[in-house]
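Asks: Predicted model and sequence follow; I will ask about them next.
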Amino acid sequence: MVSDSNVVELKSLSFSYPDGRQALRGITFSVSEGEKVGLVGPNGAGKSTVLLHLNGILRGQGEVHIDGARVNGGDLGPIRRKVGLVFQDPDDQLFSPTVFDDVAFGPLYMGLEESEVRARVAWALEQVQMSDHAMRMPHHLSLGEKKRVAIATVLSMSPTILALDEPSAGLDPLARENLLALLKRMPQTMIIASHDLDFVAQLCQRAIVLDEGRVLADVPAENILLNPSLLKRGHLYAAK
């Protein structure tokens, strides 16, 4: 039974890669509409693997439900329109000659009319404050600008859920603060995989600590930096 109040539910999700490495071991958690949740943990904890299950890129054992629909239960089209996945490296997401073309790719693939595509691109770029960059070449942008455009590429699909992998990684302090302010303003449900505990504490209501593919703790995000025992158990800093 899937709760009506949750837009994301994972139940006993396990997954092993083809080389035999088990990345997830019975992951269970849920996310309510509009909630911002951080996934934190060391490298190899399973954070990115969880995100890739939310729209069916990976499919493990157990259950993943998005808005009540089981991800591995049939048509992925509607689910992938609801879940916007933003990769850690924006160069994995930006491949077109111009920013406009990158942001327009999803709506065009959906078969929308040209006027609707243009309206969605204009709206998405406005949301990330990149309207003046529509005709620039993506590879000429700064890393912070690329990350904003990568977010715009999924916003143009009108997702209700954003899954972001290490959004603050590699950003200078100003770009990081600008991205934090942007994500705080956005109304979508968010699941954010990050090593940046301060970023998670400022943005998210909850922090789910993963370690070796298991949920170690599910705590208020603002408290995570105040819990040395949990930080140590979750290998979130080097023991002294």
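Replies: That came in fine, so what should we check first? Residues are numbered from 1 along each chain as shown.
Asks: contacts for the lowest-mean-pLDDT helix or strand in the chain?
Replies: Per-element confidence for the chain was summarised using mean pLDDT, DSSP states H and E. The lowest value among helices and strands belongs to helix 228-233, with a mean of 87. Here helix 228-233 makes contact (CB atoms under 8 Å, 6 or more residues apart in numbering) with 197, 209, 211, 216, 217, 219, 224, 225, 236, 237, 239. Glycine gets a C-beta too; all of them are placed from N, C-alpha and C.
Asks: Reformat those as a markdown table; add distance to residue 158, secondary structure and pLDDT.
Replies: What follows is these, written out as a markdown table (distance: CB to CB, whole Å; DSSP: H, G, I helix; E, B strand; the rest coil; pLDDT from 0 to 100):
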| residue | distance to residue 158 | secondary structure | pLDDT |
| --- | --- | --- | --- |
| 197 | 31 | helix | 94 |
| 209 | 31 | strand | 96 |
| 211 | 35 | strand | 94 |
| 216 | 34 | strand | 95 |
| 217 | 33 | strand | 94 |
| 219 | 32 | strand | 95 |
| 224 | 32 | helix | 89 |
| 225 | 34 | helix | 88 |
| 236 | 35 | coil | 85 |
| 237 | 39 | coil | 70 |
| 239 | 45 | coil | 41 |
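Asks: which among these gets closest to residue 121?
Replies: For the contacts of helix 228-233, the minimum distance to residue 121 (CB to CB) is 34.4 Å, reached by residue 197.
Asks: what's the pLDDT at residue 78?
Replies: What the model reports for residue 78 is a pLDDT of 88.
Asks: How many residues are close by it?
Replies: Residue 78 has 12 neighbouring residues, counting by other CB atoms under 10 Å.
Asks: can you check residue 109 too?
Replies: With neighbours defined by other CB under 10 Å, the count for residue 109 comes to 9.
Asks: cool, and the one 10 residues further on?
Replies: Other residues near residue 119 come to 14 when the count uses other CB under 10 Å.
Asks: Identify the element of secondary structure that it sits within.
Replies: helix 114-127 (DSSP states H and E).
Asks: Buried residues of that helix, list them for me.
Replies: Taking 16 or more other CB atoms under 10 Å as the basis for neighbour counts, the residues of helix 114-127 that come out buried are 117, 120, 121, 124, 125, 127.
Asks: on that earlier part again, out of the contacts of helix 228-233, which two sit at the greatest distance?
Replies: Checking these against each other with CB to CB, the farthest-apart pair comes out as 219 and 239, at 19.7 Å.
Asks: ok, those two, which is more surrounded?
Replies: In this view residue 219 and residue 239 are compared by other CB under 10 Å, and residue 219 has more residues nearby, 15 against 7.
Asks: From residue 237, how far out is the more buried one?
Replies: Residue 219 sits 16 Å away from residue 237 when distances are taken as CB to CB, to the nearest Å.
Asks: cool, and residue 116?
Replies: Counting by CB to CB - residue 116 and residue 237 are separated by 48 Å.
Asks: Repeat that for residue 82.
Replies: 35 Å.
Asks: the more surrounded of those two?
Replies: Here residue 82 and residue 237 are compared on neighbour count by other CB under 10 Å; more neighbours surround residue 82, at 21 against 12.
Asks: for this protein, which spans come out with low pLDDT?
Replies: Counting by pLDDT under 70, the chain contains low-confidence residues at 1-4, 238-240.
Asks: what ranges do the helices span in it?
Replies: Counting by DSSP state H, the chain has helices at residues 47-53, 77-82, 99-109, 114-127, 143-155, 173-185, 197-203, 228-233.
Asks: what angle separates the third one from helix 143-155?
Replies: The one in question is helix 99-109. 20 degrees (axes from the mean of the first three to the mean of the last three CA atoms, to 10 degrees).
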